[in-house]
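A.B. asks: sharing a model prediction with you, sequence too.
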Amino acid sequence: MKKTEFDLTGPDVMKLSWLLSNGQVVMLTCCNAEKTINGIITACWVTPASHEPLLITASVGNGEKGEEAYRACHALINETKEFGLNLPTPELTEALLKVGTTHSNEVDKFAETGLTPMQSNKINAPMIEECFLNIECKIIDQITTGDHTVFVAKPVAVFMNEDVMTDGKFSEKYINKNNQVQICELITAWNLW
Ligand SMILES: Cc1cc2nc3c(=O)[nH]c(=O)nc-3n(C[C@H](O)[C@H](O)[C@H](O)COP(=O)(O)O)c2cc1C
C-alpha cells in the first residue's frame with residue numbers, strides 16, 4: 001500500500017490522537033473538598049500503568065494552553081487528589097455526549113443526564129450507578145505533559161454489577177465489544193472524523 005504523509009501541523013492532528021486512543025471510554029467522577037460540587041468527564045485517555053502496584057493513569061485537560069483543553073474537573077481532581085472511574089455500556093452513549101461537551105462548573109451533569117450518583121466507599125467523589133464497573137482511585141503522582149495533566153492513581157475500592165464476573169471469569173456480556181463503548185464508535189456516531 002502506498003503511504004501518504006500525515007500533516008502533524010495541520011488541523012487533523014487531533015484525529016491521530018483519536019486513532020491511538022481507540023479504547024474503552026469511561027466517565028471520570030470527582031467533587032470538591034466540601035462535596036458541594038460534583039464533576040464528570042467523558043474520558044478515553046485512561047490506561048492501566050502498572051500491575052504491581054496496581055496503578056492507572058488518567059490524562060485530564062488543564063487548560064494551560066487555551067480553552068480547548070479546559071476541564072472544570074481538573075481543579076476538582078487537583079483539590080481532592082482522587083477520582084472515580086465508571087465504565088459505561090452503549091445505553092449510556094447519549095449521557096457520554098452530554099458529559100463530554102459541557103462543563104461541571106456550569107451544569108449539574110448528574111441532573112442533566114439523569115445519571116444516578118452512588119456513594120463511594122473510600123473516596124468522597126460519587127460513582128455512577130448505571131455503570132457496570134466503578135473504580136475508586138486516589139492520586140499518588142502527577143505530571144503536566146502539556147495541555148493535559150497525567151494523574152497516576154491507585155485503585156482503593158472496586159465495585160461491579162453482580163453479573164460482571166462469575167467464578168473469576170468475566171461474563172460474555174461484558175467482554176463482548178458490543179457492551180463496551182469505544183472512542184472511535186462515538187467519534188463516528190457524532191460525525192467528528
Ligand atoms: C469521547 C470523548 C473522550 C474524551 N476523553 C477525554 C480525556 O481522556 N481527557 C480529557 O481531559 N478530556 C476528554 N474529553 C473531553 C471532556 O470530556 C470534556 O472537555 C468535558 O466537557 C470536560 O468536562 P468538565 O469541564 O466538567 O471537566 C473527551 C470527550 C469525549 C467526547
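C.D. replies: Yep, that arrived.
A.B. asks: partners of the residue nearest the centre of the chain in the sheet?
C.D. replies: Residue closest to the average C-alpha location in the chain (C-alpha atoms, centre = their mean): residue 43, at 3.0 Å. Beta bridges link residue 43 to residue 26, judged by DSSP bridges.
A.B. asks: near the ligand, which residues of this structure?
C.D. replies: 25, 39, 41-45, 59-61, 71-73, 100-104, 183, 186 (C-beta under 6 Å from any ligand atom). For the C-beta atoms, the positions are set from N, CA and C on the backbone; glycine is no exception.
A.B. asks: just the buried residues of those residues.
C.D. replies: 25, 39, 41-45, 59-61, 71-73, 100, 102, 104, 183, 186 (16 or more other C-beta atoms under 10 Å).
A.B. asks: among those, name the ones in strands.
C.D. replies: 39, 41-43, 59-61 (DSSP state E).
A.B. asks: now, which of those sits nearest residue 143?
C.D. replies: Of all those, residue 59 has the smallest distance to residue 143: 9.6 Å, by C-beta to C-beta.
A.B. asks: quick one: contacts for that closest one?
C.D. replies: 43, 45-46, 145, 148-151 (C-beta atoms under 8 Å, 6 or more residues apart in numbering).
A.B. asks: now it: how far from residue 85?
C.D. replies: Taking C-beta to C-beta, to the nearest Å as the measure, residue 59 falls 13 Å from residue 85.
A.B. asks: same deal with residue 159?
C.D. replies: 11 Å.
A.B. asks: and these two? Which one has more around it.
C.D. replies: The residue with more neighbours, out of residue 159 and residue 85, is residue 85; 24 against 16, by other C-beta atoms under 10 Å.
A.B. asks: helix/strand/coil for the closest residue in space to that one that isn't next to it in sequence?
C.D. replies: Once flanking residues are discounted, residue 85 sits nearest to residue 135: 4.2 Å by C-beta to C-beta, 6 or more residues apart in numbering. Using DSSP: H, G, I helix; E, B strand; the rest coil, the structure places residue 135 in strand.
A.B. asks: beta partners of residue 135?
C.D. replies: Under the criterion used here (DSSP bridges), residue 135 is bridged to residue 85, residue 158.
A.B. asks: list the contacts of it.
C.D. replies: 56, 84-86, 155, 157-158.
A.B. asks: the bottom helix or strand of the chain by mean pLDDT?
C.D. replies: helix 183-189 (a mean of 84; mean pLDDT, DSSP states H and E).
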